[in-house]
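**Student:** below is the structure, and that's it, no one-letter string:
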């Protein structure tokens, strides 16, 4: 992360998100501060807490995308949760601590992949040796002296090389070369594999709020009962992969992976708490009914954001230095409707701008994987060339802005539905139009989107 300066972070975010400069600067500084904290002496490091961020803006303006791209850049454990899915302790539903357990699972998976990369070369060599043994089993020492007694000091050494062993070694070397070249990939071998030991009865614990109990019981039962072995005939290419996975399974130290994961979560973890406005109380609420439940969820989230210890199946996780990024539209509620203690834990607040025609044009043309590029590349697989003529993209952006203004404003997500509506017929007939060039012009757009433009009640025509 040393090379990720705030300017570099913003430059990287610019490839995928148009506008929202204030939000990009805030998250870039927050991410850089995580690296800065790790450079401090240990006694001071523990005193520096992350400055949590709350992003305010309508749907489709880039809140989730900013957090998602940020986590990819930092190569940090990241989890997106919806605040509205949580219930307070004692009610049916997900408890708030489950977000940290999910984050730990993500970190364990990342740590396992790191260890896998470290062990892969050694595991591959071991898999090749086992595969070679399957193709040409090593000869046993069959010709032993009948009177040989290994406990007798005067018996001498047992013969180390039996007749023909040198020729066998040459044959093994030859087969090893063919294996490495892939010449034997289609040959069949028989190997012993372990069957997955899943207990179907544990599915009863899949109910909402009990996932962790189900997973823990499944782990417990899988370790208690031995895994069944069975012989299986497979081709060499498949056998190589099976043996590689078995070798990696033996080599990867899960205790080390858990320790790495917990350290990664505690120092680099990012939790994106979406729809936080849905758990805000309404101004002047009466103190009973749904508002009580909303406040209960806030009070359950509070200690996690403040810094507490959450018990996971991999060990205790401290949340003091996890970065929390909250987001919400706040149409029917205000930030001041959150309980004061929770407000205080999100000192950085940033409002994201609504998107307009110029933004939609840039989204369609400038982003790394823009919708225009996606449709062009997908139709190229059918041999169809899709070309957007002059002012075509501008026309799409204009219609998108108008639809957002006259119905629900769903930001850039509107572009997905408009593009689908516009190119529906092209996508449907593409397989019959191989070699054609289809040019999208403003006239083509007006013709195909006329129904949308003419009707005031646009909700029934487009999402």
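**Tutor:** Yes, it's here. Just so it is clear, the model here is predicted, and its values are computed rather than measured. Numbers count the residues shown, from 1 in each chain.
**Student:** next SSE after the helix or strand of the chain with the lowest mean pLDDT?
**Tutor:** Least confident helix or strand, the chain: helix 211-224 with a mean of 55, by mean pLDDT, DSSP states H and E. As assigned by DSSP states H and E, the chain's next helix or strand after helix 211-224 is strand 229-235.
**Student:** how about the strands in the stretch 251-400 of the chain?
**Tutor:** In the stretch 251-400 of the chain, the strands defined using DSSP state E, counting those that start in this stretch lie at 270-274, 309-312, 315-318, 323-328, 348-351, 385-388.
**Student:** avg pLDDT for stretch 241-249?
**Tutor:** In this model, stretch 241-249 has a mean pLDDT of 83.
**Student:** flag every buried residue along that stretch.
**Tutor:** 242-244, 246-248 (16 or more other CB atoms under 10 Å). Any C-beta I mention is one placed from the backbone N, CA and C, and that applies to glycine too.
**Student:** over to stretch 49-62?
**Tutor:** 50, 52-62.
**Student:** what's the answer for stretch 121-128, then?
**Tutor:** By neighbour count on 16+ other CB under 10 Å, the buried set for stretch 121-128 is 123, 126-128.
**Student:** do the same with stretch 66-73
**Tutor:** For stretch 66-73, by 16+ other CB under 10 Å, it's 66-67, 69-71.
**Student:** off-centre distance for that stretch?
**Tutor:** Put simply, stretch 66-73 sits 11 Å off its chain's centre (CA atoms, centre = their mean, to the nearest Å).
**Student:** what sits up against it?
**Tutor:** Here stretch 66-73 makes contact (CB atoms under 8 Å, 6 or more residues apart in numbering) with 4, 9, 12-13, 16-17, 20, 23-24, 27, 31, 55, 77-78, 80, 270, 272, 325, 327.
**Student:** state the number of residues packed around residue 373.
**Tutor:** Per other CB atoms under 10 Å, the neighbour tally for residue 373 reads 13.
**Student:** who touches it in this structure?
**Tutor:** So residue 373 contacts nothing (CB under 8 Å, 6+ apart).
**Student:** what's the distance between it and residue 366?
**Tutor:** 10 Å (CB to CB, to the nearest Å).
**Student:** looking at the contacts of stretch 66-73, which are in helices?
**Tutor:** 9, 12-13, 23-24, 27, 31 (DSSP state H).
**Student:** farthest-separated two in these?
**Tutor:** 12 and 23 (14.1 Å; CB to CB).
**Student:** looking at the two, which is more packed in?
**Tutor:** Remark: of residue 12 and residue 23, residue 23 carries more neighbours, 27 against 18, as counted by other CB under 10 Å.
**Student:** want to try JSON lines for the ones in helices among the contacts of stretch 66-73, with pLDDT as columns?
**Tutor:** JSON lines is the format used below for those (pLDDT from 0 to 100):
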{"residue": "9", "pLDDT": "91"}
{"residue": "12", "pLDDT": "91"}
{"residue": "13", "pLDDT": "92"}
{"residue": "23", "pLDDT": "91"}
{"residue": "24", "pLDDT": "92"}
{"residue": "27", "pLDDT": "90"}
{"residue": "31", "pLDDT": "88"}
